[in-house]
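In: output the structure for:
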Amino acid sequence: MRILLVVSAFNSLSQRIFCDLRDRGETVGIAFAINEPQLIEEVMEFKPDLILSPFLKKRIPENIWSVIPTFIIHPGIAGDRGAHALDWAIMNEEQRWGVTILRANGEYDAGDIYAHDTFPMSRASKASIYRTAVSTLASQLVVELFKSLNNSIFVPISQHSHTLPGSAHLVMTQNDRRIDWEEDTTERIITKIRSADSHPGVLDTILGVECTLYGVHKESKLRGGIKEILAKREGAICLGTKDASIWITHLKERHAPSIKLPATYVLKDRLKGVREDRLALFVDPSLETFKEITYYERDEIGYLGFNFHNGAMGAHQCVRLKYAFDHLKQSGIKVLVLMGGEEFFSNGIHLNIMEDSKKADEDGWSNIHSMNEVVKSILQCDEVLTVSSLHRNAGAGGVFLALASDYIVAREGVVLNPHYKTLGLHGSEYWTYTLLHRVGGEMAQEVTSGCLPISAVHAEAIGLVDTVLSEDDETYLDELHRYCASLCEDEDRYYELLDAKRQKIHHTSFAEEIQRHREYELEQMYPSFYDPASDFNRLRKDFVYKLCPIQTPNYLRKICFEEASFSAIAASVADRGIAPNGVKIK
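Out: All right, here's what the predicted structure looks like:
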């Protein structure tokens with residue numbers, strides 16, 4: 001079947017659905033809904049049998065949906081209508097929420113329902129829920145949609161049914177999100193900010209700066225006056241509330257143009273006299289405060305978390321992560337697991353900090369070098385076996401950070417973007433060494449030049465990851481521990497693996513080889529940073545300021561995957577017996 005994804009942006013959910021369809025052997029295209037003439041042209045060019053819209057902010061024209069079966073994936077329960085569905089669900093503290101697939105008609109979210117279900121709501125940010133629970137359920141419901149379309153006796157549910165639990169709601173405004181610092185409890189403030197992460201944030205005024213707030217964490221110990229800035233830590237600020245205190249990690253000034261930055265970068269000199277409340281290099285994950293690097297041990301296995309906002313790793317964060325890794329690899333454990341963060345494993349260097357810098361070229365160059373140092377420490381680690389746990393999505397340098405480990409496991413449903421070219425970069429992080437050793441030159445060229453997302457099962461099929469574990473978070477963590485335990489439970493086998501690793505690392509050519517790769521990569525990267533007219537400097541600005549494209553990006557518009565193009569991947573998925581969404585492949 002020829003399926004066209006019509007989207008407002010190629011976001012996480014759109015990428016998940018794209019990967020699922022491609023892995024099933026469908027012919028998939030992508031068109032951005034920018035304006036009516038452009039969209040009609042691209043639809044006619046692709047000639048789809050069916051249109052799916054996983055993320056859409058504009059109405060699809062009638063002369064498209066009336067001719068081609070068109071289905072909208074709505075992040076709300078059956079009967080829910082209107083924008084900001086997930087925002088309202090979080091704000092209203094719903095215990096369950098859902099996803100609905102409905103057929104497009106002339107009214108927003110008012111078409112007949114072809115598939116729907118619910119999931120339990122977690123106490124997490126909107127972005128986190130969207131990338132996990134919403135994404136997982138949407139993937140499953142797309143399969144249900146296809147079953148419904150192939151069922152001659154299936155009857156869709158009318159939106160006029162009186163049994164639907166959802167209802168219409170208005171667009172959520174900043175007035176709806178406004179924090180009443182005198183009356184709102186800490187939990188209510190956290191709920192409001194989480195409902196707006198990562199867009200549009202909650203509008204407020206901090207030390208005279210009108211800005212939107214992002215990245216909220218509860219603080220268990222510090223106390224002070226309401227809205228008093230009690231401390232700062234690694235770019236975040238701690239604010240007193242009426243019954244506790246919270247950390248805010250990022251702000252975005254209201255005036256345009258502006259970008260989201262660590263809070264201290266926005267407030268700058270206004271924070272004179274505010275004390276730096278430091279933590280140890282790494283802390284227990286259960287500590288209730290703002291923390292970026294965490295660690296715990298279980299059965300001689302160490303789990304190192306690095307929860308950097310949006311997966312972006314600035315130079316100072318890379319340095320701290322390297323120090324933590326170097327310390328822990330000598331702590332007597334047998335396996336050290338890189339866990340990444342709660343919302344992303346990693347997305348590589350911190351583009352927003354670079355864009356904000358008055359010395360963007362030098363600061364960006366420093367960021368690349370510090371990222372390389374983390375990767376080098378992992379590549380040269382001979383004290384323990386290392387495992388990268390791709391529990392969440394990863395992109396660019398974050399994928400190649402993971403490739404530095406001895407073993408790589410991924411959660412089913414994770415989407416990876418192992419490429420840099422969409423930002424005009426050659427890329428570093430020793431990828432020309434690690435990727436080629438894992439997948440070979442031809443496949444390395446395909447995944448880095450194609451600039452397309454790949455699923456966890458696709459990554460396993462080409463050798464990018466070693467194994468794919470359950471999509472359910474709790475089950476995944478249990479399976480991850482069993483996987484790591486299997487590496488060291490037989491002591492003789494463990495030391496055989498470790499000795500083989502040591503022989504490789506201490507071979508006279510290893511250090512020289514990886515250094516050659518690093519130097520080559522940096523040579524290719526240098527003009528991107530230091531030439532003001534480079535593609536990277538232009539594309540980075542477009543990315544951090546979220547500039548809307550005027551057409552579907554060329555690298556997406558050109559794709560048209562015939563089933564044969566992915567026969568090897570589809571066969572591999574079939575061998576597993578299940579599709580990424582857990583449905584048997586016929």
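
In: residues contacting Gln15?
Out: Under the criterion of C-beta atoms under 8 Å, 6 or more residues apart in numbering, the neighbours of Gln15 are Val415, Asn417, Pro453. To be clear about C-beta, it is placed using only N, CA and C from the backbone, and glycine gets the same treatment.

In: does the second one touch Gly397 like I think?
Out: Right, the one you point to is Asn417. No. Assessed by C-beta atoms under 8 Å, Asn417 is found out of contact with Gly397, at 10.5 Å.

In: ok, the two, which is more surrounded?
Out: Taking Asn417 and Gly397 together and counting by other C-beta atoms under 10 Å, Gly397 has the greater number of neighbours (29 against 20).

In: does that one touch Met371 like I think?
Out: Yes. Counting by C-beta under 8 Å, Met371 is a contact partner of Gly397 at 5.8 Å.

In: got any residues that touch both of the two?
Out: Residues touching both Gly397 and Met371 (C-beta under 8 Å, 6+ apart) are Met313, Gly348, Ile349, Ser428, Glu429.

In: now the fourth one: closest residue in space, sequence neighbours ignored.
Out: It stands for Ser428. Nearest residue to Ser428, sequence neighbours excluded (C-beta to C-beta, 6 or more residues apart in numbering): Glu521, at 4.2 Å.

In: tell me the contacts of that neighbour?
Out: His426, Gly427, Ser428, Glu429, Tyr430, Trp431, Thr432.

In: out of those residues, which is most surrounded?
Out: Counting neighbours by other C-beta under 10 Å, Glu429 leads these with 30 neighbours.

In: can I assume it is in contact with Phe400?
Out: Yes. The pair Glu429 and Phe400 passes the contact test of C-beta under 8 Å, sitting 4.0 Å apart.

In: find residues that contact each of these two.
Out: Gly348, Val375.

In: backbone torsions only: list them for Glu210.
Out: Note on Glu210: its backbone torsions stand at phi -80, psi 120 [degrees, to the nearest 10].

In: what's near enough to touch it?
Out: For Glu210, the contact set (C-beta under 8 Å, 6+ apart) comprises Leu203, Asp204, Glu253, Arg254, His255.

In: return the distance of the fourth one relative to Tyr520.
Out: Put plainly, it is Arg254. When distance is defined by C-beta to C-beta, to the nearest Å, Arg254 is 44 Å away from Tyr520.

In: same question for the first one.
Out: Here Leu203 is placed at a distance of 47 Å from Tyr520 (C-beta to C-beta).

In: so these two - more neighbours on which side?
Out: Remark: of Leu203 and Tyr520, Leu203 carries more neighbours, 18 against 14, as counted by other C-beta under 10 Å.

In: any idea of the pLDDT on the more buried one?
Out: Note on Leu203: pLDDT of 98.

In: what of Ser486?
Out: On the pLDDT scale, Ser486 is placed at 98.

In: so how far is stretch 237-244 from its chain's centroid?
Out: Here the centre of stretch 237-244 is set off from its chain's centre by 29 Å, with C-alpha atoms, centre = their mean, to the nearest Å.

In: please enumerate the helices of the stretch 1-150 of the chain.
Out: All helices of the stretch 1-150 of the chain, identified by DSSP state H, counting those that start in this stretch, fall at 12-23, 36-46, 62-65, 85-91, 126-129, 135-149.

In: pick the most buried one from those helices.
Out: Ranked by average neighbour count under the criterion mean count of other C-beta atoms under 10 Å, these are headed by helix 12-23 at a mean of 24.

In: could I get the contacting residues of the most far-flung residue of the chain relative to its centre?
Out: Relative to the centre of the chain, the most outlying C-alpha is that of Ile153, 39.1 Å out, by C-alpha atoms, centre = their mean. Listed by C-beta under 8 Å, 6+ apart, Ile153 has no contact partners.

In: residues in contact with stretch 371-382?
Out: Applying C-beta under 8 Å, 6+ apart, the contact partners of stretch 371-382 are 313, 318-319, 321-322, 325-326, 329, 336, 338, 348-349, 386, 397, 400-401, 404-405, 428-430, 434, 498, 501-502, 505-506, 511, 514, 518.

In: of these, buried ones?
Out: Neighbour-count burial (16 or more other C-beta atoms under 10 Å) applied to those gives 313, 318, 321-322, 325, 329, 336, 338, 348-349, 386, 397, 400-401, 404-405, 428-430, 434, 498, 501, 514, 518.

In: let's see which of those residues end up in helices.
Out: Under the assignment DSSP state H, those contribute Cys318, Leu321, Lys322, Phe325, Gly397, Phe400, Leu401, Thr434, Leu498, Lys501, Ile514, Arg518 to helices.

In: gap between the residue nearest to Trp181 when sequence neighbours are not counted and Val202?
Out: Nearest non-adjacent residue to Trp181, counting by C-beta to C-beta, 6+ apart: Lys227, 4.8 Å away. According to C-beta to C-beta, Lys227 stands 13 Å off from Val202.

In: between the two, who's got more neighbours?
Out: Val202 (22 against 16).

In: ok, Ile514 touching Thr432?
Out: No. Using C-beta under 8 Å, Ile514 is not in contact with Thr432, being 9.8 Å away.

In: low-confidence ranges in the protein?
Out: 560-586 (pLDDT under 70).

In: again, 90 this time
Out: Residues of the chain meeting the criterion pLDDT under 90: 106-110, 159-163, 198, 255-257, 507-508, 547-551, 557-586.

In: so which elements touch the stretch of helix or strand Thr432 belongs to?
Out: Using DSSP states H and E, the element containing Thr432 is helix 431-439. Here helix 431-439 touches helix 397-402, helix 441-450, helix 510-530, going by 3 or more C-beta pairs under 8 Å, 6 or more residues apart in numbering; DSSP states H and E.

In: one more time with 6 Å, if that's ok
Out: Judged by 3 or more C-beta pairs under 6 Å, 6 or more residues apart in numbering; DSSP states H and E, the packing partners of helix 431-439 are helix 510-530.

In: just checking, next helix/strand downstream of the helix it packs on?
Out: Of the helices and strands lying after helix 510-530 in sequence (DSSP H and E), the nearest is helix 535-544.
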